[in-house]
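# fold the following, please.
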Amino acid sequence: MRHIILLLTIVIAFVISGCQNNAEPTDTNGGEEVSEEIDFEIVQMNNAPNDIQTTLQQKWIERATFAVPSGDHLYIIITRGEMPTGGYSVTIDNITKEGNKLLVTYYTTDPKKDDMVTQAITKPFTIAKIDHTNARINFQEIKKSSPN
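Below you'll find the predicted structure:
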């Protein structure tokens, strides 16, 4: 009986040691590319280079998303077009890089019915500055819940 228990113990030890995973480590993200957040700086119109200001002034009447290289930087610009009053805005939420693509997510804000706003035509826009890249840029508007 001792021999059988000893033999079973040895067989079980071999079976357990044979079940170890000797395969190469696998990619933990399932083969998908990892995205990384890109640092960006919001630039006021009067602090933007002249070529950026000129380009923006030519396009801010319409709703648009575009990027303009200038020097060592790339300026990402989002415009909302002409609005009837103040209180409208556009905000870049984040910029992420995945492979050779950048994704710029942004959201817009409209004035609430009872908000006191400037009674003048406005042209809301935002400018973000990042390090120059040749990555393809995609824009995505997201919905943000507004505080009550």
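
# burial of the closest residue in space to P111 that isn't next to it in sequence, as a residue count?
Nearest residue to P111, sequence neighbours excluded (Cβ to Cβ, 6 or more residues apart in numbering): G87, at 2.8 Å. C-betas here are computed from N, CA, C, even on glycine. Close neighbours of G87, defined as other Cβ atoms under 10 Å, add up to 16.

# how about G87, what does it touch?
Counting by Cβ atoms under 8 Å, 6 or more residues apart in numbering, G87 touches 109-111, 115, 117-118.

# so which of those is the most crowded?
Most surrounded of the contacts of G87: other Cβ under 10 Å gives P111, at 16 neighbours.

# thought that residue was touching S89?
No: in this structure P111 lies outside contact range of S89 using Cβ atoms under 8 Å: 9.3 Å.

# if I look at the residue nearest to P111, how far off is K144?
Using Cβ to Cβ, to the nearest Å, we find G87 at a distance of 15 Å from K144.

# again, but for A64
20 Å.

# doesn't D51 fall inside a strand?
No: counting by DSSP: H, G, I helix; E, B strand; the rest coil, D51 is not part of a strand but helix.

# how many neighbours does the residue nearest to it when sequence neighbours are not counted have?
Nearest residue to D51, sequence neighbours excluded (Cβ to Cβ, 6+ apart): S70, at 5.5 Å. S70: 15 surrounding residues under other Cβ under 10 Å.

# would you mind giving the secondary structure of T55?
Classification of T55 by three-state DSSP places it in helix.

# show the pLDDT at it.
Per-residue pLDDT puts T55 at 94.

# burial check on it, number of neighbours?
Counted with other Cβ under 10 Å, T55 comes out at 17.

# please apply the same query to T96.
For T96, the count of nearby residues is 13 (other Cβ under 10 Å).

# name whatever forms a beta bridge with the spatially most central residue of the chain.
What sits nearest the mean C-alpha location of the chain, by Cα atoms, centre = their mean, is I95, with 2.9 Å. On the basis of DSSP bridges, I95 is bridged to V104.

# surely it touches L103?
Yes: contact criterion Cβ under 8 Å: I95 and L103 qualify, at 7.1 Å.

# kind regards, and thank you for your time.
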